[in-house]
Structure formats: structure tokens, C-alpha cells
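Student: Build me a model:
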Amino acid sequence: MAILLMILYHKENKFKKSWDITETLARRQLVQTIQLFLPYSILHGISFSTFPLIGGAYRTIFVNILDEVSYAAGSGFTFIPMYFVVVAPWQRKRKERNTLAS
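Tutor: Below is the predicted model of the structure:
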């Protein structure tokens with residue numbers, strides 16, 4: 001959805017030339033903001049939608065196989081949102097740096 005919106009706003013910005021500086025700037029800022037947060041949003045969607053699948057599969061498969069300590073440690077490793085919290089700030093900072101440089 002966000003990718004489609006970004007493409008539509010970008011096309012509108014190209015084809016709808018406006019001599020009003022504030023309108024043109026607002027459109028350009030909207031596209032740049034979407035571009036900045038799009039990778040973050042995609043990573044967020046993937047990590048929080050895969051957690052129930054991976055966590056549920058882990059609990060179903062390994063509940064009777066592993067001892068209690070190994071099972072608890074494995075449950076911690078399959079908590080996918082934890083990885084999102086670690087990766088997302090680095091990804092956003094890198095994207096900001098690339099946007100500011102160009």
C-alpha cells in the first residue's frame with residue numbers, strides 16, 4: 001500500500017506542476033518521508049507477522065523434545081520482534097544518512 005502511494009504521489013508531483021512553492025514542497029516532503037520510513041515499515045510488517053508462525057511452530061514441534069531450559073532459551077531466540085528492535089534503528093539511521101547525502 002505504501003509503495004503504491006509513494007508511486008502515485010511521485011507521478012502526481014511530476015505531472016501536476018504547480019507554481020505555488022508550498023504545495024510543491026509539501027508534495028516532495030511527503031514522498032521523501034514515505035521513502036524514508038518504507039523499509040522500516042516493511043521490516044516491521046515482516047517481523048511481527050512471522051513471529052506467530054515461527055513461535056507457534058517452535059512450540060508445537062519442540063514442546064516434548066527439549067528439556068525445560070533449552071525450550072525456554074529456544075523460545076527466546078524465536079521471539080522475532082526482538083530482532084526488529086535491534087535492526088530497525090540502525091536501518092533508519094543508515095537510510096537518513098543516505099537521504100541527507102543525496
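Student: alpha carbons only for contacts and neighbour counts from here, please
Tutor: Will do.
Student: give me the low-pLDDT residue ranges for this protein?
Tutor: Scanning the chain for pLDDT under 70 picks out the ranges 2, 17-18, 92, 95-102.
Student: which residues in it form strands?
Tutor: Assigned by DSSP state E, the chain shows no strands.
Student: chain center to the longest helix along the chain, what's the gap?
Tutor: The helix that spans the most residues within the chain, counting by DSSP state H, is helix 21-62. Computed by C-alpha atoms, centre = their mean, to the nearest Å, the chain-centroid distance of helix 21-62 equals 3 Å.
Student: what about Gln91, how many neighbours?
Tutor: Counted by other C-alpha atoms under 10 Å, the residues lying close to Gln91 total 16.
Student: what sits against it?
Tutor: Pro39, Tyr40 (C-alpha atoms under 8 Å, 6 or more residues apart in numbering).
Student: measure it to Gly76 for me?
Tutor: 23 Å (C-alpha to C-alpha, to the nearest Å).
Student: Does the longest helix of the chain pack against any helices or strands, and if so which?
Tutor: helix 2-15, helix 68-77, helix 80-101 (3 or more C-alpha pairs under 8 Å, 6 or more residues apart in numbering; DSSP states H and E).
Student: Not counting its neighbours along the chain, what's nearest Arg27?
Tutor: Asn13 (6.5 Å; C-alpha to C-alpha, 6 or more residues apart in numbering).
Student: Might one say that the one you found is in contact with Arg28?
Tutor: Yes. Between Asn13 and Arg28 there is a contact under C-alpha atoms under 8 Å: 7.2 Å.
Student: So which of the two has more stuff around it?
Tutor: Asn13 (18 against 15).
Student: Report the separation between that one and Met82.
Tutor: 38 Å.
Student: Over to Leu38?
Tutor: Counting by C-alpha to C-alpha - Leu38 and Met82 are separated by 20 Å.
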